[in-house]
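In: Here is a sequence together with a model predicted from it:
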Amino acid sequence: MAKLLETAGLTLTLGGRGILNGIELAVEKGELHVLLGANGAGKSSLAYALMGCAGYRPQAGHIVFDGEDITALPLHERARRGLALAWQEPARFDGLTVADYLVLGGKRPSADCLVQVGLAPQAYLSRPLDKALSGGERKRIELAGVLALSPRLAILDEPTAGIDFLSQTEIEGVIRTLRHQGAVLLITHQEALAAGADRASQLCGGRIVCAGAPGAVIENFKARRCRRCDGETCHG
Ligand SMILES: Nc1ncnc2c1ncn2[C@@H]1O[C@H](COP(=O)(O)OP(=O)(O)OP(=O)(O)O)[C@@H](O)[C@H]1O
């Protein structure tokens with residue numbers, strides 16, 4: 001399969017600490033690629049660096065998207081090329097309604113995107129996207145926003161966290177849709193979700209320490225084994 005995203009030697013220091021230490025990651029076209037790792041391993045930081053978020057510009061290394069080096073491009077240029085990120089903690093946008101927010105994506109009808117995340121359009125489109133919405137509702141609306149963008153690569157940071165378990169299957173359906181449209185880089189702590197991926201990479205101490213079939217990577221993670229740490233200290 002052709003590579004959609006590839007990083008080489010991606011290195012990020014924040015507050016004087018090495019957070020990403022030479023990341024080598026490859027996501028293929030049409031792939032659901034899961035990123036595993038303990039709390040603090042650097043998964044969200046990698047997601048922000050890939051998206052080009054302010055404050056997460058790497059000090060060294062390269063990010064190549066569909067053959068183009070995008071390392072120096074700002075977030076909006078990466079978004080224009082088809083990258084989208086659903087944050088671990090979805091943002092509030094006081095002053096915007098759900099309809100205003102979804103129409104920014106523009107590529108798919110807002111109502112369809114809401115239905116796909118399990119929210120009734122008539123109940124949500126006119127609501128302000130502020131603290132009156134629950135965390136789970138904002139998380140779903142953010143995922144609807146990613147659907148509306150029809151991205152070529154959706155980076156999803158714990159999309160099922162805070163979602164009630166009756167609705168997990170809807171979110172899994174969203175992940176499948178995004179994968180069929182392009183590819184998904186999924187950060188999750190849910191083993192079942194990770195097991196259903198096409199490939200996986202394990203992050204430990206800001207390095208990719210294991211990559212390949214999800215089952216093998218999950219076992220490696222659960223056994224606290226990586227090539228750089230001894231078993232006792234391998235927890236990110
Ligand atoms: N802006 C920042 N300044 C300094 N340190 C930071 C900053 N952002 C993140 N870190 C540190 O970088 C490390 C990796 O954080 P990150 O949020 O990427 O981990 P994670 O793997 O996503 O964890 P979790 O599974 O808990 O969400 C942590 O030790 C965190 O404290």
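Out: The structure has been received and is ready for your questions. Predicted, not measured: the structure shown is a model, and the values here were computed from it. Residues are numbered from 1 along each chain as shown.
In: OK, contacts around residue 157?
Out: 43, 44, 47, 85, 86, 87, 88, 187 (CB atoms under 8 Å, 6 or more residues apart in numbering). (C-beta placed from N, C-alpha, C; glycine too.)
In: Sort out for me which of these are in helices.
Out: 43, 44, 47 (DSSP state H).
In: picking that back up, mind giving me CSV with the contacts of residue 157 and columns for neighbour count and distance to residue 125?
Out: CSV is the format used below for the contacts of residue 157 (neighbours: other CB atoms under 10 Å; distance: CB to CB, whole Å):
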residue, neighbour count, distance to residue 125
43, 24, 32
44, 21, 29
47, 22, 28
85, 24, 23
86, 24, 19
87, 19, 21
88, 17, 25
187, 23, 29
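In: Of all these, the one with the weakest confidence?
Out: Within those, residue 88 has the lowest pLDDT, namely 74.
In: Among the ones in helices among the contacts of residue 157, pick out the one closest to residue 16, please.
Out: Here the nearest of the ones in helices among the contacts of residue 157 to residue 16, counting by CB to CB, is residue 44; it sits at 18.7 Å.
In: Report the buried residues of the longest strand seen in the chain.
Out: Counting residues, the longest strand in the chain under DSSP state E turns out to be strand 3-14. The neighbour-count check on strand 3-14 (16 or more other CB atoms under 10 Å) flags 4, 5, 6, 7, 8, 10, 11, 12 as buried.
In: Can you narrow the ones in helices among the contacts of residue 157 down to the ones near the ligand?
Out: When contact is defined as CB under 6 Å from any ligand atom, these meet the ligand at 43, 44.
In: which one of the ones in helices among the contacts of residue 157 is nearest residue 103?
Out: residue 47 (24.7 Å).
In: didn't that closest one look like it was pressed against residue 155?
Out: Yes - assessed by CB atoms under 8 Å, residue 47 is found in contact with residue 155 at 5.0 Å.
In: Who are the packing partners of the lowest-mean-pLDDT helix or strand in the chain?
Out: Ranked by mean pLDDT, DSSP states H and E, the helix or strand of the chain with the weakest confidence is strand 93-97, at a mean of 81. When contacts are defined as 3 or more CB pairs under 8 Å, 6 or more residues apart in numbering; DSSP states H and E, strand 93-97 packs onto strand 128-129.
In: packing partners for the strand it packs on?
Out: Applying 3+ CB pairs under 8 Å, 6+ apart, we find strand 128-129 packed against strand 93-97, helix 98-105.
In: Let me know whether the next helix-or-strand element following the longest strand of the chain sits next to the ligand.
Out: Next along the chain after strand 3-14, taking DSSP states H and E as the criterion, comes strand 17-23. Yes - judged by CB under 6 Å from any ligand atom, strand 17-23 and the ligand are in contact via 17, 19.
In: Just the CA atoms of strand 17-23, as CSV, please.
Out: C-alpha atoms of strand 17-23 as CSV (Å, rounded to 0.1, in the frame of the first residue of the first chain):
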residue,chain,number,x,y,z
ARG,A,17,12.0,18.2,28.2
GLY,A,18,12.3,15.8,25.2
ILE,A,19,8.7,14.8,24.5
LEU,A,20,9.2,13.2,21.0
ASN,A,21,12.6,11.6,20.4
GLY,A,22,13.0,10.7,16.8
ILE,A,23,9.6,9.4,15.8
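In: Fine, thanks again, bye for now.
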